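S.K.: next input, structure requested:
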Amino acid sequence: MGNEVNKNVIDVGTLFPSNAVSLLEHVGDYGEDDDPEQLGLGVTVTRREMCVISKKTGKKFIVDWEKIIELAVEAGINE
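M.R.: Modelled structure (predicted):
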C-alpha cells in the first residue's frame, strides 16, 4: 500500500509517497524555514525532471520534461 504511485488528477505530474526512492539534486526551498509546510525544489538525477518535495509529508511530485513541453505548446508558445 505505501509504495503506490498516485497519478495527479490534473494529469501534469506524478505524486510519489514519502518512502519512494529517488535520487534528487536540491535546488532550493519555497517558504520560510520555520514553516512546516515549506517545500523543497529539486531535479531528479537520472532524467533531470523537476521535483517538489513536501517537508511536512515527505511526498514528492515529479513533472517530466515531455509534459512541460506539452503544456507550453497548449499555452500557445508557438503562436
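
S.K.: so for Val12, what's the pLDDT?
M.R.: For Val12, the pLDDT comes out at 85.

S.K.: got a list of what it touches?
M.R.: By CB atoms under 8 Å, 6 or more residues apart in numbering, Val12 lies in contact with 63, 67, 71. C-beta coordinates here come from the backbone N, C-alpha and C atoms, glycine included.

S.K.: any chance of the residues you listed in CSV, plus distance to Gly28 and pLDDT?
M.R.: Putting the contacts of Val12 into CSV (distance: CB to CB, whole Å; pLDDT from 0 to 100) gives the following:
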residue, distance to Gly28, pLDDT
Val63, 16, 92
Lys67, 21, 90
Leu71, 21, 88
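
S.K.: now render those residues as a markdown table, adding distance to Arg48 and neighbour count.
M.R.: Output for the contacts of Val12, formatted as a markdown table (distance: CB to CB, whole Å; neighbours: other CB atoms under 10 Å):
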| residue | distance to Arg48 | neighbour count |
| --- | --- | --- |
| Val63 | 11 | 16 |
| Lys67 | 13 | 16 |
| Leu71 | 17 | 12 |
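
S.K.: which one of these sits closest to Asp34?
M.R.: Val63 (27.4 Å; CB to CB).
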